[in-house]
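>>> How does the following fold in three dimensions:
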Amino acid sequence: MADQAAPAPALTLDQKKAAARERARAAREQQATGAGAGLAVTDAAAGYVRESADREGMDHGVRLRIHAGGCSGLEYSIDLIPRGAVPAPDERQIESNGIRVLLDLKSAIYVSGSVVDYTTTLMRRGFVIKNPNATSTCSCGDSFGV
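All right, here's what the predicted structure looks like:
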């Protein structure tokens, strides 16, 4: 029988709060220096966004938001943005692989350092976000916890 690695210990509430404060501090620092949130869009995701945007008459960009909900506590929301859309006052714009990504500051905190990919398999087709800040995810990958 193969040895199984022990599951990672659950974080305490204080550890989760400390991690959230650190992410918020890093996001504020990045915003003050004009740096991006460190979000990357893969070739596959960029191609899908371009194809979908052209078909719908939209801009080559998405608005990525984090909402409370899902199996693990937080869930992703990705929507195409209309042509000529500008970031709202509380949003920042990141460009990766020719795709504009609009993020509000709260969402930027949660996805800093993430990679947005698009995958097509027999079981699933859609965006996959590889998020280094997530401490837990649901089995479908649509929600996460920190």
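>>> Check which helices and strands the helix or strand harbouring residue 92 is in contact with.
Using DSSP states H and E, residue 92 sits within strand 91-96. With contacts taken as 3 or more CB pairs under 8 Å, 6 or more residues apart in numbering; DSSP states H and E, strand 91-96 sits against strand 99-104, helix 105-111. Any C-beta I mention is one placed from the backbone N, CA and C, and that applies to glycine too.
>>> if we go to 6 Å?
strand 99-104 (3 or more CB pairs under 6 Å, 6 or more residues apart in numbering; DSSP states H and E).
>>> now the strand it packs on: mean pLDDT?
Strand 99-104 shows a mean pLDDT of 92 in the predicted model.
>>> Identify the residues contacting the residue nearest the centre of the chain.
Residue closest to the mean C-alpha point of the chain, counted by CA atoms, centre = their mean, is residue 111 at 4.3 Å. Taking CB atoms under 6 Å, 6 or more residues apart in numbering as the contact definition, residue 111 lies against residue 39.
>>> and with 8 Å instead?
Shown in contact with residue 111 (CB atoms under 8 Å, 6 or more residues apart in numbering): 37, 39, 64, 66, 103, 129, 131, 133.
>>> Quickly find the element holding residue 44.
Going by DSSP H and E, residue 44 is in helix 43-56.
>>> Only the C-alpha atoms, please, for that helix, written as PDB.
Extracted in PDB, the C-alpha atoms of helix 43-56 (Å, rounded to 0.1, in the frame of the first residue of the first chain):
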ATOM      1  CA  ASP A  43      -2.600  31.500 -24.400                       C
ATOM      2  CA  ALA A  44      -5.600  29.200 -24.200                       C
ATOM      3  CA  ALA A  45      -7.600  31.600 -22.000                       C
ATOM      4  CA  ALA A  46      -6.600  34.600 -24.200                       C
ATOM      5  CA  GLY A  47      -7.600  32.800 -27.300                       C
ATOM      6  CA  TYR A  48     -11.000  31.800 -25.900                       C
ATOM      7  CA  VAL A  49     -11.700  35.400 -24.700                       C
ATOM      8  CA  ARG A  50     -10.800  36.800 -28.100                       C
ATOM      9  CA  GLU A  51     -13.000  34.300 -29.900                       C
ATOM     10  CA  SER A  52     -15.900  34.900 -27.500                       C
ATOM     11  CA  ALA A  53     -15.500  38.700 -27.500                       C
ATOM     12  CA  ASP A  54     -15.400  38.900 -31.300                       C
ATOM     13  CA  ARG A  55     -18.500  36.700 -31.600                       C
ATOM     14  CA  GLU A  56     -20.400  38.900 -29.100                       C
END
